[in-house]
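*Asks:* predicted model follows, preceded by the sequence.
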Amino acid sequence: MKKHFFLFFIIAFVFALSGFTSIEKDNLISNFKLKSATTNKWISLSDYKDAKGFIIIFTCNKCPMAKFYSQRMNQMNEKYKKMGVPLLAINSMDTLAYAEESFRKMQIKVKNDQLNFPYLQDKKQVVGKNFKASVTPQAFVIWKQNNKFVVKYEGAIDDNAGDNEKVKNHFLTNAVDQLLKGNEVTVKNSEPFGCKIFYRGIKDKMK
Amino acid sequence: MKNIFLAFIIALTTNVINAQYSNMTMPEALYGTTFNLNIHESTKQLVTGNQTITGSINNETFWGPTLFINKGDLVHMNVTNNLNESTTVHWHGMHLPAVMDGGPHQVIPAGTLWQPYWTVKQQAATLWYHPHLHETTHAQMTKGIGGFIIVKDPQEAALALPRTYGVDDIVLALTSRSFNANNTFVSPPSSNRVYGDYMLSNGTLNAQYTLPKQFVRLRILNAEIERGYNLGFSDNRTFYVIGNDGGLLNSPVGVTRLPIHVGERYEILVNLGNDNVGSNIDLKAYNSGQSQSFPGGEPATGGVFGSLLNNTTFNVLHINVGATTANPITSLPTSLITNTYWTAADATVNRTTINITNGQPGPASIPFNFDNTTFSLTMNPKVVNLNDIEKWTIANTNPAVFGHSFHLHDIEFKIVSRNNGTAAAYESGWKDTFFISKGETVSFVGKFDDFADSDVTHPYMYHCHFGGHEDGGMMGQFIVSGALGTNQNETNTSFSLYPNPSSNLLYVNLKDNNTEIYYVTISTITGRVVMMLPQPEWQNGIDISSLESGVYTFQMMDKQTKSLTTRKFIKK
């Protein structure tokens, strides 16, 4: 009896443990307001009253991996904005450290790449830290639930930066398509790749 | 009928085999006395699918250009760090002032132009440059940042040796990499694996290169994180070592196998004159059956010290024999140059043995270091007196855990003993890096000439060249100390800048003409460092033309007091 009781206890404990790990804490994103190099105006999530969600892509001017994606991002915004999922690009690079990432150079990129989406400067690196963005490009899909934005996907945009034609996994757009159909996202994250975002004041490799 | 079928199968197989090779990149050659090096992140199609994010210099997508410099020339380097993080550029094997050396103390912040310069004092040799930022060397080397330096001099030029770059005289940087699922390199901080699964020759996988039917010269560098290569040709032909790290040998040394360890360079001559045009031969790493103290000899294929290439024999370069060029080299020189090497008896200082310590496996282990002291940027340096000839002894005996690649900055030296015996003939020349196997003791003799500077904030380094080992603290430092200058009275380090505002050249007007400018650092008004000038040639004016217009601070460190004085100027 004692033995059985002990076994029961173990099973209950394991069950509790597995139950605990399977409860996913929603990663919530609060509203933010950043200046757009596209329009030279301040933009916040709350400006988009009818948005079902957003495609958020952390990117920058200089990174060669990020440079590959301008056209694809234009196409995504064109397609999904109409469906209530606009694309916002955010540059969280440290502007004190990198002259290349200045607002003026962001404006030049908007012009050269004819970006059709807001290219926002996260000058204080607050939004990047909230998202825990680590490299450029890094994509997030956030979805409106009970007037809050929940992270539904984070990771790479797709699995082939250099050649759009050879992409096998459209991670980001697959996630948006599933959400638009009211389904759960099957691939919730992937390993992003690109240039590291260094956060000012955090002792890392920026010695 | 059967024969035709067989022939068809053979033809098909040959095609498949040929198709698996890629033409090896030969880095762009740069000549002159001023070199602009732009270090940046890049991408390269290395494996099928996604491109790999790499680090490179100028127009390369992995690695950097080959710099040709002449003995006696004053060379200027304009190194711009366009990475997202700090780095350094060490001129490996170059005899130059410590403050120009690019070791862990000469940190170049992101976005900064660093301008070292020096007079080339050494003989013709194959050197290289690479990042050396403390605790970050493994990661930045993995990106692929680096390049060759080829020093030329009249003695070398007078010899009948191949020297048409990219044709009969090629550079060959050996390294290996592993790939994550998204084709990024396996690298710190997410992985501490030290051996790659795939061989890269000048950044090319499955490399092939066409070399002419004659004597050809290969300048081989082991640019690895840790792996050694036991090189040889697939038909076991004899080839000839003509140069070590620091220059040409007295005469060629014939070998059939040549071990080359991290940081080492060997120049070899191979005779392709008896091969048929259209035939091929492989340069291979005969790493199968090496001892476990030989880096890459470990049998494991996975884990931190595992790799698909470990303890196997694999291809380094598939050589296609092409047509003979005009004016080919068709014979082996019997002698090369006359080196006067130091002997143990020349040493006037016998330095206390430096012991390789720690590094035993286990979770509580302290990483490898020297004399039980883990490197720090501010540790006490050893002090060498200018022009002393010193004998250094490195012991890998207590405890003997693994082999290491020992590298000394500043000078080239001569190995005078290995385990109380003599060094192999192929490593009998000037060296700056050598392998010390488990249980071994190695002594070398060198003269610390030319560059005395007692500044402890800019020392020279000695260290293990394995990326993980140096990052882990297996490094020490030394300064070369000259006769003390006569103590001046308090120097007035005040100065003014003119013209101000300025657009191209900025001149310094010192209040006290005895002030010597040791270092100038130019920063934006927000504190971002934009230019670093060690011992600038300020008398000719400082070129600020690359700066954007704005207000800058000009910080001057004077040599004697090391005090900092700051002025502002406006760039028009």
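*Replies:* Nice, I can see it.
*Asks:* tell me the SS of B:Thr324?
*Replies:* coil (DSSP: H, G, I helix; E, B strand; the rest coil).
*Asks:* the nearest residue to it once chain neighbours are set aside and B:Val321, how far apart?
*Replies:* In this structure, B:Thr324 finds its nearest non-sequential neighbour in B:Lys213, 4.6 Å apart by CB to CB, 6 or more residues apart in numbering or on different chains. In short, each C-beta sits where N, CA and C put it, glycine included. Distance, B:Lys213 to B:Val321, by CB to CB, to the nearest Å: 5 Å.
*Asks:* give the residues shared as contacts by the two.
*Replies:* Common neighbours of B:Lys213 and B:Val321, using CB atoms under 8 Å, 6 or more residues apart in numbering or on different chains, are B:Leu272, B:Asp275, B:Asn276, B:Val277.
*Asks:* now these: which count as buried?
*Replies:* The neighbour-count test (16 or more other CB atoms under 10 Å in any protein chain shown) applied to the shared contacts of B:Lys213 and B:Val321 identifies B:Leu272, B:Asp275 as buried.
*Asks:* can you put the shared contacts of B:Lys213 and B:Val321 in TSV and add pLDDT, distance to chain A and secondary structure?
*Replies:* Below are the shared contacts of B:Lys213 and B:Val321 laid out as TSV (pLDDT from 0 to 100; distance: CB to the nearest CB, whole Å; DSSP: H, G, I helix; E, B strand; the rest coil):
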residue	pLDDT	distance to chain A	secondary structure
B:Leu272	98	36	coil
B:Asp275	98	38	coil
B:Asn276	98	39	coil
B:Val277	98	36	coil
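*Asks:* and for B:Cys464, the neighbour number?
*Replies:* Around B:Cys464 there are 30 other residues, counting by other CB atoms under 10 Å in any protein chain shown.
*Asks:* quick one: it and B:Gly476 touch, right?
*Replies:* No: assessed by CB atoms under 8 Å, B:Cys464 is found out of contact with B:Gly476, at 10.2 Å.
*Asks:* which bits of chain A sit near chain B?
*Replies:* Within chain A, the positions near chain B by CB under 8 Å from any CB of the partner chain are A:62-65, A:68, A:93, A:96-100, A:156, A:159-162, A:166, A:168, A:190-191, A:193-198, A:204-207.
*Asks:* tell me where chain B has helices.
*Replies:* Shown for chain B, the helices assigned by DSSP state H span residues B:2-19, B:137-143, B:154-157, B:467-471.
*Asks:* and chain A, by the same measure?
*Replies:* A:2-22, A:64-67, A:70-81, A:103-113, A:126-131, A:171-180.
*Asks:* quick one: contacts of the second one?
*Replies:* With CB under 8 Å, 6+ apart as the contact definition, helix A:64-67 has outside contacts at A:59-60, A:135-137, A:161, A:193-195, B:40-43, B:51, B:53.
*Asks:* in strands only, show me those residues.
*Replies:* Counting by DSSP state E, the part of the contacts of helix A:64-67 found in strands is A:Val135, A:Thr136, A:Cys195, B:His40, B:Glu41, B:Ser42, B:Thr43, B:Ile53.
*Asks:* point to the residue nearest the middle of chain A.
*Replies:* A:Phe140 (2.4 Å; CA atoms, centre = their mean).
*Asks:* any idea how far B:Thr126 is from that residue?
*Replies:* Using CB to CB, we find A:Phe140 at a distance of 48 Å from B:Thr126.
*Asks:* residues near B:Lys152, how many?
*Replies:* B:Lys152: 18 neighbours (other CB under 10 Å).
*Asks:* tell me the pLDDT at it?
*Replies:* Listed pLDDT for B:Lys152 reads 98.
*Asks:* contacting residues for it?
*Replies:* B:Phe68, B:Ile69, B:Asn70, B:Lys71, B:Ala124 are the contacts of B:Lys152 under CB under 8 Å, 6+ apart.
*Asks:* of all these, which two lie farthest apart?
*Replies:* B:Phe68 and B:Lys71 (11.5 Å; CB to CB).
*Asks:* quick one: low-confidence residue ranges for the chain.
*Replies:* Going with chain A. A:1-24, A:202-207 (pLDDT under 70).
*Asks:* you looked at the wrong chain, it should be chain B
*Replies:* B:1-19, B:484-490.
*Asks:* so which bits of it are right by chain A?
*Replies:* Of all the residues in chain B, those lying near chain A are B:40-43, B:45, B:49-51, B:53, B:82, B:84-86, B:107, B:109-111, B:133, B:136, B:180-184, B:526-528, B:530, B:548, going by CB under 8 Å from any CB.
*Asks:* switch to 6 Å and redo it
*Replies:* Proximity of chain B to chain A (CB under 6 Å from any CB of the partner chain) is limited to residues B:41-43, B:49-51, B:53, B:84-86, B:107, B:110-111, B:136, B:182, B:184, B:526, B:528.
*Asks:* weed out the non-buried ones from those.
*Replies:* Among the residues of chain B next to chain A, those classed as buried by 16+ other CB under 10 Å are B:41-43, B:49-51, B:53, B:84-86, B:107, B:110-111, B:136, B:182, B:184, B:528.
*Asks:* quick one, strands of the stretch 151-300 of chain B?
*Replies:* With DSSP state E, counting those that start in this stretch applied, the stretch 151-300 of chain B shows strands at B:169-177, B:198-201, B:204-205, B:207-212, B:215-222, B:229-233, B:239-244, B:247-255, B:258-260, B:265-271, B:280-286, listed in chain order.
*Asks:* just put those strands in TSV and tack on distance to B:Phe444 and mean neighbour count.
*Replies:* Listed next are these as TSV, based on distance: least, CB to CB, whole Å; neighbours: other CB atoms under 10 Å in any protein chain shown:
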stretch	distance to B:Phe444	mean neighbour count
strand B:169-177	24	24
strand B:198-201	30	22
strand B:204-205	34	19
strand B:207-212	33	21
strand B:215-222	19	24
strand B:229-233	22	23
strand B:239-244	12	24
strand B:247-255	15	19
strand B:258-260	17	22
strand B:265-271	16	23
strand B:280-286	26	20
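*Asks:* quick revisit: separation between the residue nearest to the centre of chain A and chain B?
*Replies:* 17 Å (CB to the nearest CB, to the nearest Å).
*Asks:* can you give me the neighbour number for the closest residue to that residue other than its chain neighbours?
*Replies:* Take A:Phe140 and drop its neighbours on the chain: the residue closest to it by CB to CB, 6+ apart is A:Ile56, 4.3 Å away. The burial count assigned to A:Ile56 is 26, neighbours taken as other CB under 10 Å.
*Asks:* A:Ile56 touches A:Pro86, doesn't it?
*Replies:* No: A:Ile56 lies out of contact with A:Pro86 (CB atoms under 6 Å); the separation is 9.9 Å.
*Asks:* where do the strands sit along the stretch 1-150 of chain B?
*Replies:* B:22-23, B:29-30, B:34-44, B:52-57, B:66-70, B:74-81, B:90-92, B:113-114, B:117-119, B:125-130, B:147-152.
*Asks:* contacting residues for B:Glu224?
*Replies:* Taking CB atoms under 6 Å, 6 or more residues apart in numbering or on different chains as the contact definition, B:Glu224 lies against B:Thr175, B:Val262.
*Asks:* repeat the analysis, applying 8 Å as the threshold.
*Replies:* Residues in contact with B:Glu224 (CB under 8 Å, 6+ apart) are B:Leu174, B:Thr175, B:Ser176, B:Val262, B:Pro295.
*Asks:* redo those residues as JSON lines? Include distance to A:Gly182.
*Replies:* Output for the contacts of B:Glu224, formatted as JSON lines (distance: CB to CB, whole Å):
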{"residue": "B:Leu174", "distance to A:Gly182": "55"}
{"residue": "B:Thr175", "distance to A:Gly182": "50"}
{"residue": "B:Ser176", "distance to A:Gly182": "48"}
{"residue": "B:Val262", "distance to A:Gly182": "56"}
{"residue": "B:Pro295", "distance to A:Gly182": "56"}
